[in-house]
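# Predicted model and sequence below, questions to follow.
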Amino acid sequence: MSPIAISILVFVLLISLGFVTVKQGNVAVITVFGKYRRILTPGLSFRIPVIEQINKRISIQNRSVELGFQAVTQDQANVHFKAMLLYAVINQEEETIKNVAFKFVDEKNFTQALIRTIEGTIRSFVATKKQSEILGLRSEIVLEVKLHLDKTLEEWGYHMIDIQLNDITFDEEIIRSMSKVVASNNLKAAAENEGQALLITRTKAAEAEGNAINISARAEKEASIQRGQGIALFRQEVAKGMAHAAKEMSDANVDTSYLLFSMWTEAIKHFAENGNGNVIFLDGSMEGMEKTMKQMMATTQLNENKKEK
């Protein structure tokens, strides 16, 4: 083979070696004798063979890393965290790619620094809180990490998309003690509710009984008033009837003692009809009747004397 053919073959080989394909979602960093020169975007590109070397291929796609670590609360309780971090390269600008490519020796060192930074931030935050507060501070912990990590990641050429705290647990002894506290609080709340329910029931029953007694007393009072008024009206009507009858007998020149005798006999008749088998002893002799008549006439005379006075 002639030297010209060899030269052409070498030239064609070098030209073919200069073509580089960069996959979608990646960029390639070109260096010349170890010094940064430029970046190659996705697609087919050309580099100067032998002189321009591909130093790194950097993925600009989203990346994730799982974390598992332990922190200590203010009251010396161990808290175990499991988290997932989602991050990516900020953009494809030259300065950003240079930071990603040259801030760390390799990907392993970057991941280690990222994990330790997150762990340190969460540990510092947890150290200011008590164990009873931790489970309710999931969102606050995430915000604390974002606040401290965003600026640092930006200096490294990355930005944090999201961080999720998938699991927050305590030591087994703490979990048992927390369960006992929850159970005792539930028992306390149940006892308080039961006491309140019993108090309300008894209060309502007492109020109902008091209202019933009050209503019964008012009804009894009204009944007594009605009975008293009835008796008074009855006596008033009896007095009016006797006065009217006595006046008519006096106008007819009839002795008023006859009225008393008639009332006496009517009373005996009433006793006999309504006695219901009870034994009533009456003095039926003439002397007894005369004695009773005299007593009744004396009472009548006394009433007439009072009226005259």
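Now that the structure is in, tell me what you want to look at.
# Per the annotation, how does the chain divide into domains?
Domain ranges of the chain: 3-59, 63-170, 172-251, 255-309, per automatic domain parsing.
# Most tightly packed of these?
Using mean count of other CB atoms under 10 Å, the stretch among the domains of the chain with the largest mean neighbour count is domain 63-170, at a mean of 15. From N, CA and C alone the C-beta is placed, and that goes for glycine too.
# mind checking the end-to-end distance for that one?
Using CA to CA, to the nearest Å, the end-to-end distance of domain 63-170 comes out at 29 Å.
# What mean pLDDT does that domain get?
Averaging pLDDT along domain 63-170 gives 87.
# sec struct for Tyr36, please.
Counting by DSSP: H, G, I helix; E, B strand; the rest coil, the backbone at Tyr36 sits in strand.
# In space, what's closest to it - neighbours in sequence excluded?
Lys98 (6.2 Å; CB to CB, 6 or more residues apart in numbering).
# ok, and what's touching stretch 23-40?
With CB atoms under 8 Å, 6 or more residues apart in numbering as the test, stretch 23-40 has contacts from 20, 22, 41-42, 45, 47, 51-61, 92, 94, 97-98, 101-102.
# hmm, try it at 7 Å
20, 22, 41-42, 47, 51-61, 92, 94, 97-98, 101 (CB atoms under 7 Å, 6 or more residues apart in numbering).
# could you check the distance from the residue nearest the centre of the chain over to Ala183?
The chain has Ala189 as the residue nearest its centroid, 12.2 Å off, counting by CA atoms, centre = their mean. Going from Ala189 to Ala183 by CB to CB, to the nearest Å gives 11 Å.
# Show me the longest helix that occurs in the chain.
Ordering each helix of the chain by length in residues (DSSP state H) puts helix 172-251 first.
# Check which helices and strands the host helix or strand of Phe110 sits against.
Assigned by DSSP states H and E, Phe110 belongs to helix 107-126. Judged by 3 or more CB pairs under 7 Å, 6 or more residues apart in numbering; DSSP states H and E, helix 107-126 is in contact with strand 63-72, strand 78-89, helix 138-156.
# between that helix and helix 138-156, what angle do the directions make?
140 degrees (axes from the mean of the first three to the mean of the last three CA atoms, to 10 degrees).
# tell me the SS of Val20?
strand.
# so the residue lying closest to it once chain neighbours are set aside is in which element?
Counting by CB to CB, 6+ apart, Ser45 is the residue found nearest to Val20 once chain neighbours are left out, at 5.1 Å. Using DSSP H and E, Ser45 sits in strand 43-46.
# mind listing what that strand pairs with, with the direction of each?
strand 19-22 (antiparallel) (DSSP bridges).
# what angle do the helix or strand following the strand it pairs with and strand 78-89 make?
Sequence-wise, the next helix or strand downstream of strand 19-22 (DSSP H and E) is strand 26-32. Between the axes of strand 26-32 and strand 78-89, defined by the same axes, to 10 degrees, the angle is 70 degrees.
# how close does Val105 get to Lys35?
Val105 is 17 Å from Lys35, by CB to CB.
# Ok, Val29 next?
The gap separating Val29 from Lys35 is 11 Å, by CB to CB.
# ditto for Glu287
Taking CB to CB, one finds Glu287 at 161 Å from Lys35.
# and Thr31, bridged to which residues?
Tyr36, Gln53.
# Make 674 the starting number, not 1.
I'll keep to 674 as the first residue from here, and by that count the last item is Thr704.
# Need the contact partners of the helix or strand encompassing Leu690.
Leu690 is part of helix 676-691, with elements assigned from DSSP H and E. Helix 676-691 is contacted from outside by 719-722, using CB under 7 Å, 6+ apart.
# let's see 6 Å
719-720, 722 (CB atoms under 6 Å, 6 or more residues apart in numbering).
# between the residues you listed, which is closest to Leu787?
Lowest distance from Leu787 to these (CB to CB) belongs to Arg720, with 30.9 Å.
# And the closest one, what's its pLDDT?
On the pLDDT scale, Arg720 gets 86.
# Okay, it and Ile727: tell me how far apart.
Taking CB to CB, one finds Arg720 at 7 Å from Ile727.
# Could you do Asn782 as well?
For Asn782 relative to Ile727 (CB to CB), the value is 20 Å.
# What of Ile712?
10 Å.
# same question, Glu828
Going from Glu828 to Ile727 by CB to CB gives 25 Å.
# Check Leu822 too.
30 Å.
# Could you verify my assumption that Thr746 touches Gln804?
Yes: at 4.8 Å, Thr746 counts as touching Gln804 under the criterion of CB atoms under 6 Å.
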